[in-house]
Structures are given as C-alpha cells and as structure tokens.
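Colleague: Quick one: sequence and predicted model below, then my questions.
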Amino acid sequence: MVLKNSVHASKHLRKVTVAKALAARGNIVAFPGEGTVKLRVNETEKSEKSARRQQREIEILSAAREVFLEKGFERAAVSEIAARVGVVEGLVFRYFPTKRDLLNEVLRELYEPLITDVGQGFARITGLRGRLRFIVWRHLRFYTECSGFARLILHEVRTFSGYQTSVLHGLNVCYTDFLRQTIQQAIVDGEVAKTVDYSLVRSVVYGGIEHLMWPVLFGEHKVDVEKLAATYTDQVLNGLPGVQEPDMSIEDRLERLEKILNTKSPAKKERKK
C-alpha cells in the first residue's frame, strides 16, 4: 500500500512539475488535481500580435486616406502609401488585396461615423419640415467640411463600373435612408399624399444639392449652409408656387370676371360686322 501511494505521488509530482514549467512559458490554463494539464496558445503573445496588426492597419489606412485625397484613386500608387507607412508594398497587399479594397475601407471609415451622427440628430427631430431641413443641412455640411472626400466620391467612385454592387453603394443607401423614413412617416401622418414618389424626392434632394455644390467642390464658391438649408427645404416642400393675386373683395372679383366675359376678340367683332 505504501509503495502504491509512493508511485502515485511520484507520478503526480512529475505532472505538476511539467505543468509549472509550461505555466512559466505562458502555455497553461490550469493544472487541477490528478495532474490534468490543459495547454493553450500564449494569449498574451496573440494579443500583442493582434495589437500590432491593428496598429499597422490604422497606419496604412491613414496614409491611404492622405494619398487618395491628394491624388485621387486612379493616380494614387500603393507603393507611395507603403512608403509613407515605412513598409514594403507587399505588406500593404497582405492587409488589403487590391487598391480598390483599400479605398473601400477608407470610405467605410468615413461613412460609418457619418451615418451614426446623422442618425443621432435625426432621432431627436419630428415632423416633415424639421427632418427634411436637418437632412439637407447635414448633407450641405458634408460638402463643405469633407470637400476632398466629396470630390473623390463624385469624380472617381460613383463613376466606377462596379459601383452598384460596391461597399460604398451599400453605405450610401443607409445614409439616404433617413429621407425615405421622413417621407414614409409624413405619409402616415397625413403631411403628404400617398402618391408621393420617394425615389423622385431622393433625386431632387441629393441630386439637386450635388449640382448646387459643384462650384464649391471644384471652384472657390462659398455658401451659407444655414441659409441655403432653409431656402432649399422651402423649395422642395413648396415646389414652384404661382404668383399670388392681391386681396380683392367679392365685388371687385365679380366686376373683373364680368369684364373678362364681356371682352370680345377682334376676330369676333369683324365677323359680326
């Protein structure tokens, strides 16, 4: 019995010794009783590699952002992006398989915070006019505050043959969806007719602003965002109003109508003679 216990104790001691050695190298999760040893990959090392990779990705995207804004997509070279980071070109492609993938990620970093920001502001506003004005105002701000990105998107991204299936198109659908929600709620609330065509309204709002802001993006034209947002909202909601006639009494209106009815054209007068 003593011998059996001694052998068992010896085996357990060896297992514990191995477990402690592995633990010292960071490869042990636990070593509970009876010498059960669970190995794992060094989580600290994995975490460090992950952190380095994330940092490198941030550096690549930052450099890519600069180069794309300076030179546009077509004239931008991945080799220049790599040089600004201080790495070889091949390393950039390990993170992003193509230059287009790199651009998409840069644009994603732009669009996702923008969509979040618009969503937060939108949630605090109710009513057709208030929401529409906010959407117009925020879109105008994008053109004035992110003019470099706006030029890149309009000039080189939207003209890409694969745009309709691209990451940017999906993000843009999310961005413009706030207008769809606005029109949909306005129909439910009875502020606009059910026959309103959302796709047409979307084209008027975003397409019109794009055309209006072209001189700002590709020239030196300046705009008053607050004033323009109010004016543009009124124009969209009111359309092209007719000329309002001055207030007239019923007697004056009847007299005016009588004169119109009694007026004969020269052709009728000649036929009467």
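Modeller: Received, thanks. For clarity, every value in this text was computed on a predicted model and none was experimentally measured. Numbering: from 1, shown residues only.
Colleague: alpha carbons only for contacts and neighbour counts from here, please
Modeller: Fine.
Colleague: Leaving out sequence neighbours, find the closest residue to the most centrally placed residue in the chain.
Modeller: By Cα atoms, centre = their mean, the chain has its centre lying nearest to residue 111, at 2.9 Å. Sequence neighbours aside, residue 171 is the residue nearest to residue 111 in space, at 6.7 Å (criterion: Cα to Cα, 6 or more residues apart in numbering).
Colleague: Please report how far that neighbour lies from residue 161.
Modeller: From residue 171 across to residue 161, the span is 17 Å (Cα to Cα, to the nearest Å).
Colleague: With residue 94 instead?
Modeller: 25 Å.
Colleague: circling back to that earlier point, which of residue 171 and residue 161 has more neighbours?
Modeller: Just comparing residue 171 and residue 161: by other Cα atoms under 10 Å the higher neighbour count belongs to residue 171, 16 against 9.
Colleague: host element of that one?
Modeller: helix 167-188 (DSSP states H and E).
Colleague: could you point out which element follows that helix?
Modeller: helix 198-202.
Colleague: tell me what that next one is packed against?
Modeller: In terms of contacts (3 or more Cα pairs under 8 Å, 6 or more residues apart in numbering; DSSP states H and E), helix 198-202 is packed against helix 167-188.
Colleague: Mind giving me the packing neighbours of the helix it packs on?
Modeller: Secondary elements touching helix 167-188 (3+ Cα pairs under 8 Å, 6+ apart): helix 99-123, helix 128-145, helix 198-202.
Colleague: For that helix, buried residues please.
Modeller: 167-168, 171, 175-176, 178-179, 182-187 (16 or more other Cα atoms under 10 Å).
Colleague: Could you dump these into JSON lines with distance to residue 121 and pLDDT added?
Modeller: Supplementary listing: the buried residues of helix 167-188 in JSON lines, determined by distance: Cα to Cα, whole Å; pLDDT from 0 to 100:
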{"residue": "167", "distance to residue 121": "24", "pLDDT": "84"}
{"residue": "168", "distance to residue 121": "22", "pLDDT": "88"}
{"residue": "171", "distance to residue 121": "18", "pLDDT": "92"}
{"residue": "175", "distance to residue 121": "13", "pLDDT": "96"}
{"residue": "176", "distance to residue 121": "14", "pLDDT": "96"}
{"residue": "178", "distance to residue 121": "11", "pLDDT": "98"}
{"residue": "179", "distance to residue 121": "13", "pLDDT": "98"}
{"residue": "182", "distance to residue 121": "13", "pLDDT": "97"}
{"residue": "183", "distance to residue 121": "17", "pLDDT": "97"}
{"residue": "184", "distance to residue 121": "18", "pLDDT": "96"}
{"residue": "185", "distance to residue 121": "16", "pLDDT": "96"}
{"residue": "186", "distance to residue 121": "18", "pLDDT": "96"}
{"residue": "187", "distance to residue 121": "21", "pLDDT": "96"}
